[in-house]
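Peer 1: sequence first, predicted model second:
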Amino acid sequence: MADYDYDVLVIGSGPGGYVAAIRAAQLGLKTACAEGRETLGGTCLNVGCIPSKAMLHASEYFEAAAGGAMAAMGIKVKPELDLPVMHGQRKDAVKGLTGGIEFLFKKNKIDWLKGYAQFTSKDTVEVAGKAYRAKNIIIATGSSVTPLPGVDVDNDKQVIVDSTGALELAKVPGHMVVIGGGVIGLELGSVWRRLGAKVTVVEFLDQILPGMDGDVRKEANKILKKQGMEFKLKTKVTKADVKGKKAVLTLEPAAGGDAETLEADVVLVSIGRRPNTDGLGLDKAGLAVNQRGQIETDHDFSTLVPGIWAIGDVIPGPMLAHKAEDEGIACAENIAGLTGIVNHDVIPSVVYTWPEIAGVGLTEEQAKEKGEVKVGKFPMMANSRAKTNHEPDGFVKVIADAKSDRVLGVWCIASVAGTMIAQAAQAMEFGATSEDIAYTCHAHPTHSEAIKEAAMAVTGKPIHI
Ligand code: FAD
Ligand code: NAD
């Protein structure tokens, strides 16, 4: 250790990096974490998962009050929007949680190296003009918004914004155009629609939410349309002209054809995210990125260069906070000589719209490509709790291998789908069959009973339909 400043130096303090640092310190390794932002917690805590959920949660209450959902239960209210207070509670949530990571760093004796790190060799990085040598370096630099040529984001002007700008809008836009019908577009589009904006989603593909189960994509589109969101599928934006406080977008059919224009008060660019490796000096460490700009690793998160590891959004796989966290734990354990594993076949994903959309494992389309499957479906309309709560939209779908009955994928659209999917992930982690889920006692009345019934439907024997 004499020549080294640290056993482990983590670059980036997002859910991948800060979790890796804490686990490494817990395992007795002398640990530092370099972070260029003013606060710890990365994209997730500062401008991602947490602030977006703060706005989703608050706007959900606003719409429940304004849109009549409460009146249906005998509660008459006339809500008034106090946007500065709504933004205030979002900022409080971020402050509390990022401060919490700072506390955990102190508690675990992790040095926070303030500034952007750059490799100067394979075991040394420079942060704020000072060199640090470490036995192990974990790259957890995360990702940033993918830019769209011809549509220049300027978050300060609040006309063309990215997800960070869309969290901060000072007033509810009259018309918001969302470019990209993925997770960010649907979540942040939902926030502003609930607060009163007209929202139009322009999506390049023929359906929203690429990567999700086909039935789920169609049903989600139907439900969001019913809520008032407008969709222009198979359409691309080729240009945006900002004229004063408005933007005029040029739209073209994805397959080519006549262009049209669309005026917007706010345009949200949400066409994906790309790994952060610029300025990291990877070449000095002997590393390169793949065609998608990602750092490739082995299953233990080691890169081609011994002693350099990578986790989270900067490596291949879904860009999700919990995937980054699990990789952080596994990577730190591998560095400490333990066996850290992440089962990338069982990473749940959740879209926090109303209702929520969640899935884990294979889509029906992917499962069918691999072999014969059995599928069980159960509508939320037939679930007593969802029906009683006036939440009839959605369904649960369980996909199992036709021969072994092993569960290959579970998909839900339900008000609490994000919470429900955890049991499916756990069952799949233990190699459950649909029968295992069907014969597990579920508390009544809960939304989760729909998972049991969908599992029963795999072999054709649900009770309530
Ligand atoms: P990041 O969280 O991106 O953190 C990387 C950190 O590294 C950053 O703080 C950056 O400043 C720092 N950094 C970069 N380069 C350097 C350098 N050279 N030196 C020092 N520091 C550096 N995921 C979910 O699972 N659930 C959600 O609900 C969810 N909601 C989201 C909402 C939005 C609006 C966005 C944008 C993302 C959301 N995500 C969500 C995705 C999630 O935020 C990411 O998958 C997750 O943050 C990735 O973690 P990470 O540790 O790999 O990187
Ligand atoms: P995304 O990949 O989810 O969706 C981008 C969408 O934009 C796709 O549907 C794509 O077809 C479309 N698109 C691409 N180019 C286009 C163009 N030129 N014109 C019109 N449409 C175009 O990306 P995102 O929504 O920006 O989110 C980025 C990442 O952040 C995702 O990988 C996601 O995993 C993560 N995230 C997760 C959550 C969550 O877990 N709840 C929330 C927000 C973000």
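Peer 2: Great, that's in hand. Residues are numbered from 1 along each chain as shown. Ligands and ions are numbered 1, 2, ... in the order given.
Peer 1: how is the chain carved up into domains?
Peer 2: 6-145+274-335, 160-271, 349-458 (automatic domain parsing).
Peer 1: quick one: those domains as TSV, columns for distance to ligand 2, mean pLDDT and mean neighbour count too.
Peer 2: (C-beta placed from N, C-alpha, C; glycine too.) Converted to TSV, the domains of the chain look like this (distance: least, Cβ to the nearest ligand atom, whole Å; pLDDT from 0 to 100; neighbours: other Cβ atoms under 10 Å):
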stretch	distance to ligand 2	mean pLDDT	mean neighbour count
domain 6-145+274-335	4	97	19
domain 160-271	2	97	19
domain 349-458	5	98	20
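Peer 1: straight-line length of stretch 406-421, end to end?
Peer 2: Stretch 406-421 has its terminal residues 17 Å apart, counting by Cα to Cα, to the nearest Å.
Peer 1: could you say which helix or strand holds residue 94?
Peer 2: According to DSSP states H and E, residue 94 maps onto helix 83-107.
Peer 1: helix or strand right after that helix?
Peer 2: Helix 83-107 is succeeded, C-terminally, by strand 111-114 (DSSP H and E).
Peer 1: just give the strands next to that following strand in its sheet, each with its orientation.
Peer 2: strand 31-35 (parallel) (DSSP bridges).
Peer 1: quick one: distance of the partner strand to the chain centre.
Peer 2: The chain centre lies 24 Å from the centre of strand 31-35; the measure is Cα atoms, centre = their mean, to the nearest Å.
Peer 1: cool, and stretch 224-236?
Peer 2: Taking mean C-alpha positions (Cα atoms, centre = their mean), stretch 224-236 and its chain are 21 Å apart.
Peer 1: and it, end to end?
Peer 2: The first and last residues of stretch 224-236 sit 20 Å apart, counting by Cα to Cα.
Peer 1: show residues contacting it.
Peer 2: Residues from elsewhere that reach stretch 224-236 (Cβ atoms under 8 Å, 6 or more residues apart in numbering): 181, 186, 189-190, 193, 198-208, 221, 251-255, 353-354.
Peer 1: so which of those sit within helices?
Peer 2: Among those, DSSP state H puts 186, 189-190, 193, 221 in helices.
Peer 1: now render these as a markdown table, adding distance to ligand 1.
Peer 2: Converted to a markdown table, those look like this (distance: Cβ to the nearest ligand atom, whole Å):
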| residue | distance to ligand 1 |
| --- | --- |
| 186 | 11 |
| 189 | 12 |
| 190 | 12 |
| 193 | 16 |
| 221 | 20 |
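Peer 1: need the contact list for the residue in the stretch 51-200 of the chain positioned nearest to ligand 1.
Peer 2: Closest approach between the stretch 51-200 of the chain and ligand 1, counting by Cβ to the nearest ligand atom: residue 142, at 2.0 Å. Listed by Cβ under 8 Å, 6+ apart, the contact set of residue 142 reads 12, 14, 16-17, 42-43, 275-276, 312-314, 324.
Peer 1: so how far is residue 252 from it?
Peer 2: 32 Å (Cβ to Cβ, to the nearest Å).
Peer 1: can you check residue 40 too?
Peer 2: Distance of residue 40 to residue 252, computed by Cβ to Cβ: 43 Å.
Peer 1: residue 239 now?
Peer 2: 9 Å.
Peer 1: one more: residue 165?
Peer 2: 25 Å.
Peer 1: go on, residue 139?
Peer 2: 38 Å.
Peer 1: what of residue 341?
Peer 2: Using Cβ to Cβ, residue 341 is found at 46 Å from residue 252.
Peer 1: how about residue 403?
Peer 2: Distance from residue 403 to residue 252, by Cβ to Cβ: 47 Å.
Peer 1: just residue 194 next, same as before
Peer 2: Between residue 194 and residue 252 the computed distance is 30 Å (Cβ to Cβ).
Peer 1: spit out the contact partners of the residue in the stretch 351-465 of the chain positioned nearest to ligand 1.
Peer 2: For the stretch 351-465 of the chain, the residue closest to ligand 1 is residue 352, as judged by Cβ to the nearest ligand atom, at 5.9 Å. Residue 352 sits next to 52-53, 56, 187, 418 when contact means Cβ under 8 Å, 6+ apart.
Peer 1: equivalent analysis for residue 168, please.
Peer 2: Contacts of residue 168 (Cβ under 8 Å, 6+ apart): 87, 155, 158.
Peer 1: contact partners for the first one?
Peer 2: Contacts for residue 87 (Cβ under 8 Å, 6+ apart) come out as residue 168.
Peer 1: repeat for the last one
Peer 2: Residues in contact with residue 158, defined by Cβ under 8 Å, 6+ apart, are 165, 168-170, 266.
Peer 1: switch the cut-off to 6 Å
Peer 2: Shown in contact with residue 158 (Cβ atoms under 6 Å, 6 or more residues apart in numbering): residue 169.
Peer 1: what of the one 4 residues further on?
Peer 2: The neighbourhood of residue 162, defined by Cβ under 6 Å, 6+ apart, consists of 145, 153, 269.
Peer 1: how does it look with 10 Å?
Peer 2: Counting by Cβ atoms under 10 Å, 6 or more residues apart in numbering, residue 162 touches 47, 144-148, 153-155, 184, 188, 267-271, 273.
Peer 1: go on, residue 201?
Peer 2: With Cβ under 10 Å, 6+ apart, residue 201 has these contacts: 176-182, 185-186, 189, 193, 208, 221, 224-225, 229-233, 235, 268, 270.
Peer 1: next one: residue 253
Peer 2: Residue 253 makes contact with 232, 234-236, 259-260, according to Cβ under 10 Å, 6+ apart.
Peer 1: let's see 8 Å
Peer 2: By Cβ under 8 Å, 6+ apart, the residues touching residue 253 are 234-236.
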